[in-house]
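Asks: Here is a sequence with its predicted model. Questions after.
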Amino acid sequence: MEFSLTTLGTASALPTAYRYPSAHVVTFRERLFLIDCGEGAQMQMRRAGVPFSKIDNIFLSHLHGDHFFGLFGLLSTFGMMGRLQPLYIYAPEGFRRSLDYFLSEFGDGIKYEIRFTPVKCKEPTTIIDGKKLEIIAFPLRHRMETYGYIFREKVPQLNIYKHLIEPYKLTLREIGSFKNGEDVFREDGTLLLNKDFAYLPYSPRQIAYCSDTAPFAKLPEYVKGSDLLYHEATFGSDLKDIASMTMHSTAEQAANTAVLSGSKKLIIGHFSSRYKSPVCLLEEARKIFKESYLAEEGTKFEVPFVPNK
């Protein structure tokens, strides 16, 4: 049951010879979700083996060019590939004008439907509520309207301790009640507590994506308990004044968010072109949060599925 984040582009506004603008893919079981789509995203998807046909949902954090200038080429490619299934795009309302212009001027080859949903929220808000996965948008603090996204696995139905079924002569109705998290009251007055008869088969997992943002007090609460937290770290503390002025984060600030949110693993990316190597940013983050890692083009970070016994 794969749940992973593949980082395709880890540069900030200015791409380098070795890093591409922002683009990332979340894989949940058999489904793929594209987050941001900077220039070169198509090439990076090819290199990483991301099948274009499985991208049905695209999420844009904000409308700075390094986060979405690659999208229109991708939409055209979908058209040339004969795509027919609908494509769902979630982005700030301002994207509508760019999309309408693209379709009016260059959309002749697009035969599939593009369903655009504007993202607008002041607190974490569910934008996709699936059977096994919930996707939540939450506001970030940047120079323009910007959102992060949480991919949260749904809490599964409880399992029954099978060895207790026969000794307690559990009925199908009682088993159903236990699976739904309920206690059972029998006609003879006996109370059977759910915790004694049922258990969570596995712990739900969560991946959080924090695009361009300055640190703010509510952010750790928004991404609380993430198994994997992607957080921009455009600058090191040596350039914290520039980070503050441009409303970005330092590696130290990203690590602080990981600590305060109780996240298990931190991936830092969106590195300024000022840094030929971002290793210094990783070292800065690890001084505060040991489980910090560098985003690299084409690297997949997996959240393991761990069944409860």
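Replies: Looks like it arrived, so ask away. The shown structure was predicted, so the numbers you read here are calculated from the model rather than taken from an experiment. Numbering: from 1, shown residues only.
Asks: And the helices in this structure?
Replies: Secondary structure of the chain (DSSP state H): helices at 41-48, 71-80, 95-106, 172-179, 194-197, 219-222, 240-246, 251-261, 279-286.
Asks: and the angle from the longest one to helix 71-80?
Replies: It refers to helix 95-106. Angle between the axes of helix 95-106 and helix 71-80 is 50 degrees (criterion: axes from the mean of the first three to the mean of the last three C-alpha atoms, to 10 degrees).
Asks: How about the fourth one?
Replies: Relative orientation of helix 172-179 versus helix 71-80 (the same axes, to 10 degrees): 150 degrees.
Asks: pLDDT averaged over helix 172-179 - what is it?
Replies: Helix 172-179 shows a mean pLDDT of 91.
Asks: Now tell me what touches that helix from outside.
Replies: Helix 172-179 is contacted from outside by Q157, L158, N159, I160, I165, L170, D183, V184, L192, N194, F197, A198, using C-beta atoms under 8 Å, 6 or more residues apart in numbering. Where C-beta positions appear, they are placed from N, C-alpha and C, glycine not excepted.
Asks: Among these, name the ones in strands.
Replies: Within the contacts of helix 172-179, residues falling in strands by DSSP state E are N159, I160, V184, L192, A198.
Asks: Turn these into CSV, including pLDDT and distance to G40.
Replies: Listed next are these as CSV, based on pLDDT from 0 to 100; distance: C-beta to C-beta, whole Å:
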residue, pLDDT, distance to G40
N159, 92, 45
I160, 94, 50
V184, 92, 58
L192, 91, 59
A198, 92, 49
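Asks: Scan those and report the most crowded one.
Replies: Within the ones in strands among the contacts of helix 172-179, most neighbours by other C-beta atoms under 10 Å means A198, with 21 neighbours.
Asks: how close does that residue get to P21?
Replies: Counting by C-beta to C-beta, to the nearest Å, the separation of A198 from P21 is 47 Å.
Asks: cool, Y275 as well?
Replies: Distance, Y275 to P21, by C-beta to C-beta: 15 Å.
Asks: ok, those two, which is more surrounded?
Replies: Between Y275 and P21, P21 has the larger neighbour count (other C-beta under 10 Å), namely 27 against 19.
Asks: That one - nearest residue in space that isn't next to it in sequence?
Replies: The spatially closest residue to P21, leaving aside those adjacent along the chain, is G38, at 2.6 Å (C-beta to C-beta, 6 or more residues apart in numbering).
Asks: Contact partners for the one you found?
Replies: By C-beta under 8 Å, 6+ apart, G38 lies in contact with 9, 11, 15, 20-23, 65-70.
Asks: Please indicate which of those residues are buried?
Replies: Neighbour counting with 16 or more other C-beta atoms under 10 Å marks G9, A11, P15, Y20, P21, S22, A23, D66, H67, F68, F69, G70 as buried within the contacts of G38.
Asks: Specify the beta-bridge partners of the second one.
Replies: Read it as A11. When bridges are called by DSSP bridges, A11 pairs up with F271.
Asks: G148: neighbouring residues, count only.
Replies: 27.
Asks: Kindly apply the preceding question to S203 instead.
Replies: Using other C-beta under 10 Å, S203 has 14 other residues around it.
Asks: In contact with it, which residues are there?
Replies: Applying C-beta under 8 Å, 6+ apart to S203 gives the contacts V306, N308.
Asks: Backbone dihedrals for it, both of them.
Replies: Dihedral pair for S203: phi -90, psi 130, per degrees, to the nearest 10.
Asks: how much space between it and M245?
Replies: 41 Å.
Asks: For the closest residue to G298 other than its chain neighbours, give me its contacts.
Replies: Spatial nearest neighbour of G298, excluding adjacent residues (C-beta to C-beta, 6+ apart): A48 at 4.7 Å. Neighbouring residues of A48 by C-beta under 8 Å, 6+ apart: T6, L8, V25, G298, K300.
Asks: thinking again about what came up before, now the helices of the chain as TSV including distance to D56?
Replies: Listed next are those as TSV, based on distance: least, C-beta to C-beta, whole Å:
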stretch	distance to D56
helix 41-48	14
helix 71-80	10
helix 95-106	17
helix 172-179	31
helix 194-197	37
helix 219-222	25
helix 240-246	33
helix 251-261	29
helix 279-286	33
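Asks: highest average neighbour count across the ones you listed?
Replies: helix 251-261 (a mean of 23; mean count of other C-beta atoms under 10 Å).
Asks: what sits up against that one?
Replies: Contact with helix 251-261 is made by 208, 210, 215, 219-226, 229, 231-233, 235-237, 240, 243, 249, 263, 266, 268, 281-282, 284-289, 291-292, as judged by C-beta under 8 Å, 6+ apart.
Asks: Tell me, how many residues neighbour E123?
Replies: For E123, the count of nearby residues is 10 (other C-beta under 10 Å).
Asks: mind checking pLDDT for it?
Replies: Listed pLDDT for E123 reads 98.
Asks: Was I right to think it contacts F138?
Replies: Yes. Using C-beta atoms under 8 Å, E123 is in contact with F138, at 7.2 Å.
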